[in-house]
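Undergrad: Predicted structure and sequence below. I'll ask about it afterward.
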Amino acid sequence: MIDPILQDHTLKLHIQGKGAILDKACTEYVRYQSDALVMKLGRFIWQMHLISAVLLTAMLWNESQHQQIVLWAIWMSLLAIVQAIICFYGALLANRETALDKWPLAFDISAILLAIGWAWFGLTLTPNDASDLRNFVGFIIGGAVLMLTGTQNLHFPVMSGTLLMIVSVRATRLFIDNEGVQGIASAIMLLIFLGIMLGLGWVLRGFTRRGFVLQWEKAQLAETLERQAVELKTARAEAESANLAKSRFLAQASHDLRQPIHAVGLQLASIANETLPPRAENVMARIGQSVESLSKLFNALLDVTLLDSRQIIPKSLPIDIGLLIQEIADEYQPAAQAENVELRPEAHKAFIQSDPLIIRRILQNLISNAICHSDGGDIFISSQNTKSGTMLIVRDTGRGVPKADQARIFEEFQRGDGAVAEGLGLGLAIVSRLTQLLNVKIEFSSIEKRGTTFGIGPFRAAQEPTGTFSRPSSEASTVKFDVAGRALIIDDDRATLEASAALLSNWGWEIDTRSSLSADEIIILPKPDIIISDYDLGFGQTGLKVIAAIQEAHGTVPALIVTGSSLPEARQAILDAGFIVLHKPVRPAQLRSAILSAIA
């Protein structure tokens, strides 16, 4: 961790990014760590000065003047104790990672004063007639030099000055005490020893400082990585928040638009079998096509919202893929005929294990996309058994996709040139994301002017379930129910109520429409055979609460929710309650299938 004093320099480094700031911050860090290490090591050298002073005083008591040796011993002892105080307090500050202030300077002063003491001893107190004592004094002074070199090299100028003072004075005394060649040789040897110690101190200083530089760079790198991690986390949170806000905006904005489109679609379906003048019939057909296009747009936006909010959870069930292909082909036959396209389903009876709703949505999007780009050709829908499993194939003989555009066809809001239908360009993007959700591959190949082929899979085979339920095709939307009864329709939108009532009345149901229901009204309400309710009924009331109250008063009643909201929490609440959920605008075939499923 960097000392607080250095954090200002580091902050400047991050803000300005200049080399000078970098050098200054690193230099300050190395200086601080050097001072701290000298203080910590100094806790173990002051004893040497104190013990040496005591030993030398005892040994030279009879060889030197008592007053001089006592003064020297007091000088050395007091300075050793002062240096100990400086070192221990400085080390305490370093351990706390706080500023050392003037304590390194105080240590240097104490080191210089101790060196003066050793130089004085070597010059005036060393005996010249007792060789044993001279050798012992030389041993003590040599040990002091080695210890100072090892512990004070980071303060190299002060170390150099103290060593030069001690060794040069000792060399001068040897030169004086020994005449001739012996004195000169002794002095030269000591000076060589001084040079070696200075060189060793410089090398040790370099190694240690390089270690501090690496430590500083490591700390800066860690800080940079931590800051980038925080920035990345913040950016990710902002992106997720923006994405969620987008989904919520689409859900809320589409709610008010879905209501009238849903009502218009049901009204058109309710008069589908009535005889109209040719011109009126043509106008109604055009209106129906427009409503169908808008419904597809809203369904695409709903799919994206559900995928973004991770609300689609695959459910693995056995699927009669031949029956499903035939149903979807029947559903899209009118749209294909309008574009002079021939749908050719190759429906072979086979069962695969997957989510039937997601598979249906994938095939619907692929077929819709093929109709838009087939230019009056053929569309083949089939299944193919491979070694890996069953592949679902959708192949058209249309214009194909240019090579330059093939890499982008699965991106959102990408529409092929010359498409005959309006759209947002979300269909293939949704297919890609749904295949990822099912953990299967999507294969794509296209040749210009010859057509395009999509392959989805492989899917593992499944056993044929007993008592399978066949969903009605879109053609059944105008056929009356075999068994009908009393239908309670609850919606706060008057147009939706009237349209739903008209359609279900044509299907043979007895209709009871309500915009709201009080607790008293629920008690006297005749028990319905099916409840079709909007989710948001206004004033804090929801369809779930009303259905729960009706079932509490009258027992279990089949029910489904038709909602214009695509908020993930609303959808999840409906699913958690165990009801079928349909998102407006709802096609008559969808509504009929849901009613059959609810009452089955």
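TA: On my side now, so go ahead.
Undergrad: N369: neighbouring residues, count only.
TA: Using other Cβ atoms under 10 Å, the number of residues around N369 comes to 26. Bear in mind the C-beta positions are built from the backbone N, C-alpha and C, glycine included.
Undergrad: That one contacts S432, doesn't it?
TA: No - with contact defined as Cβ atoms under 8 Å, N369 and S432 do not form a contacting pair (11.9 Å).
Undergrad: which residue sits closest to I184 in space, ignoring its chain neighbours?
TA: F175 (6.6 Å; Cβ to Cβ, 6 or more residues apart in numbering).
Undergrad: Could you measure from that neighbour over to I192?
TA: From F175 across to I192, the span is 14 Å (Cβ to Cβ, to the nearest Å).
Undergrad: Then R587?
TA: 103 Å.
Undergrad: who's more crowded, the two?
TA: A count of neighbours by other Cβ under 10 Å puts R587 above the other of R587 and I192, at 20 against 11.
Undergrad: Look up phi and psi at that one.
TA: Backbone torsions for R587, taken as degrees, to the nearest 10, come to phi -80, psi 150.
Undergrad: How about L575?
TA: phi -60, psi -40.
Undergrad: ranges for the helices of the stretch 151-300 of the chain?
TA: 156-177, 181-270, 278-308 (DSSP state H, counting those that start in this stretch).
Undergrad: and if you look at the stretch 351-500 of the chain?
TA: 356-373, 403-406, 427-438, 494-506.
Undergrad: Relative to I532, which of those is closest?
TA: Across the helices of the stretch 351-500 of the chain, I532 has its closest neighbour in helix 494-506 (6.6 Å, Cβ to Cβ).
Undergrad: quick check, distance from that closest one to the centre of its chain.
TA: Centroid separation between helix 494-506 and its chain, computed with Cα atoms, centre = their mean, to the nearest Å, is 48 Å.
Undergrad: Next, the angle helix 181-270 makes with it.
TA: 60 degrees (axes from the mean of the first three to the mean of the last three Cα atoms, to 10 degrees).
Undergrad: After helix 494-506, heading C-terminal, what element do we hit next?
TA: strand 510-514 (DSSP states H and E).
Undergrad: Which other helices and strands does that following strand contact?
TA: Identification of packing neighbours for strand 510-514 by 3 or more Cβ pairs under 8 Å, 6 or more residues apart in numbering; DSSP states H and E yields strand 486-490, helix 494-506.
Undergrad: Quick one: closest of these to A573.
TA: Closest approach to A573 among the helices and strands packed on strand 510-514 (Cβ to Cβ): strand 486-490, 16.4 Å.
Undergrad: Figure out how far that closest one is from the centre of its chain.
TA: On Cα atoms, centre = their mean, the centre of strand 486-490 falls 47 Å from that of its chain.
Undergrad: how big is the angle separating that strand from strand 510-514?
TA: Using the same axes, to 10 degrees: strand 486-490 against strand 510-514 is 20 degrees.
Undergrad: Buried residues, strand 486-490. List them.
TA: Burial within strand 486-490, assessed by neighbour count using 16 or more other Cβ atoms under 10 Å, is assigned to A487, L488, I489, I490.
Undergrad: Could you chop the protein up by domain?
TA: The record assigns the chain these domain ranges, following automatic domain parsing: 4-177, 312-462, 475-599.
Undergrad: can you tell me which residue is nearest the centre of the chain?
TA: The centroid of the chain falls nearest to R236 when counting by Cα atoms, centre = their mean (5.7 Å).
Undergrad: Return the distance of it relative to N243.
TA: 10 Å.
Undergrad: again, but for Q326
TA: From Q326 to N243 the distance is 38 Å (Cβ to Cβ).
Undergrad: who's more crowded, those two?
TA: Neighbours per residue, other Cβ under 10 Å: of Q326 and N243, the larger number sits with Q326, 16 against 12.
Undergrad: The more buried one against A347, yeah?
TA: Yes - counting by Cβ under 8 Å, A347 is a contact partner of Q326 at 4.3 Å.
Undergrad: re the thing from before, would a markdown table of the domains of the chain with distance to R227 be doable?
TA: Converted to a markdown table, these look like this (distance: least, Cβ to Cβ, whole Å):
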| stretch | distance to R227 |
| --- | --- |
| domain 4-177 | 8 |
| domain 312-462 | 33 |
| domain 475-599 | 33 |
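Undergrad: With mean pLDDT added, can I get these in JSON lines?
TA: Formatted as JSON lines, those follow (pLDDT from 0 to 100):
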{"stretch": "domain 4-177", "mean pLDDT": "81"}
{"stretch": "domain 312-462", "mean pLDDT": "81"}
{"stretch": "domain 475-599", "mean pLDDT": "83"}
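Undergrad: how about the ones you listed, which one is nearest L276?
TA: Across those, L276 has its closest neighbour in domain 475-599 (14.9 Å, Cβ to Cβ).
Undergrad: re earlier: which of the helices of the stretch 351-500 of the chain has the highest mean neighbour count?
TA: Among these, the stretch with the highest mean neighbour count (mean count of other Cβ atoms under 10 Å) is helix 356-373, at a mean of 22.
Undergrad: ok and that helix relative to helix 427-438, angle-wise?
TA: Using the same axes, to 10 degrees: helix 356-373 against helix 427-438 is 160 degrees.
Undergrad: helices or strands up against helix 356-373?
TA: Partner elements for helix 356-373 (3+ Cβ pairs under 8 Å, 6+ apart): strand 317-320, helix 321-338, strand 378-385, strand 390-396, helix 427-438, strand 451-459.
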